[in-house]
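Trainee: model this:
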Amino acid sequence: MTGFSHVQDSRLLGHLFSTTAMKDVFSDVATLGCWLEVEAALANVQANLKLIPEDAADAITAACKPEHYDLAELGAEIAAAAHPLTPVIAAIEAKAGDHGQHVHFGATTQDVMDTGLALQMRAGLNLLIEEHQHLMSACVTQAKTWRSLPMAGRTHGQHAVPITLGLKFALLASEVQRHLVRLRELTAVLPVQFAGAAGTLATLDGDGAPVRAALAKLFGLVDPQQSWHTARDLIAHITSQLAISAATCGKIAHEVVNLQRTEIAELAEGAAPGTGGSSTMPQKRNPMLAQNIVALCRLLSVQPALSLEAMMHEHERDMSAWSIEWAAVPESFIYAHAAVAQCAQLVKNLQIDESRISHNLDLTGGLICAEAVMMDLAGDMGRSEAHHAVAELISQARQTGVSFSEALNSDARISALRTPEQIAKLLDPANYTGDAVHTVDRIVRELE
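Mentor: Numbers count the residues shown, from 1 in each chain. Presented below is the predicted three-dimensional model:
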């Protein structure tokens, strides 16, 4: 019996770190399939350009069927050859018979593998776009549901001023939408690779550029009109964007972990009976999904650094840099898809405790509206004097144990300017959420 070699492939824990859909995109089957697809496309393009016989293209296309090949056998041959593609080329040549001499005509290994990778990344980006749409939709739904519910806004971990719960979700939805825009842009700039041994296409004696252009058109990829064998900035950009998208998921998940804390308990991860518990403490209800998302984002955060390392190629080709991507790119896509998919589920199923939100909003006895009082008085006293006066009264209230409203109403300066009814209105958090509701409505309108 053999064990798994990576946690993504674990039958026990793999679902926490991956999705089946994205693993399928970067599986051995898919990778080999893309290489074979590129080799067949190359033969057909070259036949159309009269560079190889049409019969050769037909034979090569027939030979490039994934079902003809045994992955274990190819893997053993790749290990023996210490080269990722030459055994594959040899196998195609053997199956193409007399036309085997036209396989891989004028190409180099990186042409095939990079073009194959571009096809895989496009499929992966499309999966991520779909999952980002689910996450954005979940955030929009929560924003609409809680558009006007006042809650404590927190800065530096402390009560600041009132916001609405809907605003929190609307801002997250807007952030996810920006990721969607960038992901869609990336799908439109993925390039074909066809440049020959050192980027000169000397093997085809002037016919290389038309071959590259035809390959790009056939695959729906960009024709870069040059080699990008050592120009790996787009790969680094893509892995960075995946990490950025995941960081948003990490932020959302970390917020859930914090707001589900016993001392706050304003919301909770939606969980089916029997999930999220402790092996020993019956009372526990742990935010297991949220914590897993945070872990995924931390795992993903190191991948862009690896892709930056992979940018530093030496000369015209450099396996020590290029092969980093063989690990970093699939892991980035797999972790990112798991993080976004899990985050969409997390947001969609959140349980909100309105009474606890209201309770926490009143914890400071109105101090969360101190800025509202200060700004209202500033029209009569000036901002600086109003700030000083309110801060002084807050200090007195804390020392004497009286409520903030009582301290305000008992102060001669304040009572001369505002009635108790006006003070009560200023201390109502619902009256000091500013543009929160308007912002929610605008974002929801734009995203829907």
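
Trainee: From here on, just use CA atoms for contacts and neighbour counts.
Mentor: Noted.

Trainee: So what touches stretch 122-137?
Mentor: 21-22, 25, 172-174, 176-177, 179-180, 183-184, 186-187, 190, 333, 336-337, 340-341, 343-345, 347-348 (Cα atoms under 8 Å, 6 or more residues apart in numbering).

Trainee: Could I get the CA-only coordinates of it as CSV?
Mentor: Listed in CSV are the C-alpha atoms of stretch 122-137, where the atom choice follows Å, rounded to 0.1, in the frame of the first residue of the first chain:
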residue,chain,number,x,y,z
ARG,A,122,-6.8,29.3,-18.7
ALA,A,123,-9.0,26.5,-17.5
GLY,A,124,-7.9,27.1,-14.0
LEU,A,125,-8.6,30.9,-14.2
ASN,A,126,-12.1,30.1,-15.6
LEU,A,127,-12.8,27.9,-12.6
LEU,A,128,-11.6,30.7,-10.3
ILE,A,129,-13.7,33.3,-12.0
GLU,A,130,-16.8,31.1,-11.5
GLU,A,131,-16.0,30.6,-7.8
HIS,A,132,-15.3,34.3,-7.3
GLN,A,133,-18.7,35.0,-8.7
HIS,A,134,-20.2,32.7,-6.1
LEU,A,135,-18.3,34.5,-3.3
MET,A,136,-19.3,37.9,-4.6
SER,A,137,-22.9,36.9,-4.8
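
Trainee: returning to what we had before: and the contacts of stretch 122-137, which are buried?
Mentor: Neighbour-count burial (16 or more other Cα atoms under 10 Å) applied to the contacts of stretch 122-137 gives 22, 25, 172-174, 176-177, 179-180, 183, 186-187, 190, 333, 336-337, 340-341, 343-345, 347-348.

Trainee: Narrow the residues you listed to those in helices?
Mentor: Cross-referencing the buried ones among the contacts of stretch 122-137 against helices under DSSP state H gives 22, 25, 172-174, 176-177, 179-180, 183, 186-187, 333, 336-337, 340-341, 343-345, 347-348.

Trainee: So which residue is dead centre in the chain?
Mentor: For the chain, Ser245 is the residue whose C-alpha lies nearest the centre (Cα atoms, centre = their mean; 2.6 Å).

Trainee: List the buried residues of the one helix or strand His132 maps to.
Mentor: Counting by DSSP states H and E, the element that carries His132 is helix 109-145. By 16+ other Cα under 10 Å, the buried positions in helix 109-145 come out as 109-125, 127-129, 131-144.

Trainee: try stretch 362-377
Mentor: Here stretch 362-377 shows 362, 366-377 as buried, counting by 16+ other Cα under 10 Å.

Trainee: Centre of the chain to that stretch, how far?
Mentor: Centroid separation for stretch 362-377 versus its chain: 38 Å, with Cα atoms, centre = their mean, to the nearest Å.

Trainee: Let's see the distance spanning that stretch from one end to the other.
Mentor: One end of stretch 362-377 to the other measures 22 Å (Cα to Cα, to the nearest Å).

Trainee: same check, this time on stretch 255-271
Mentor: 17 Å.

Trainee: Check the offset of that stretch from the chain's centre.
Mentor: How far stretch 255-271 lies from its chain's middle: 23 Å, per Cα atoms, centre = their mean.

Trainee: Next: stretch 253-268.
Mentor: Using Cα atoms, centre = their mean, the offset of stretch 253-268 from its chain centre is 22 Å.
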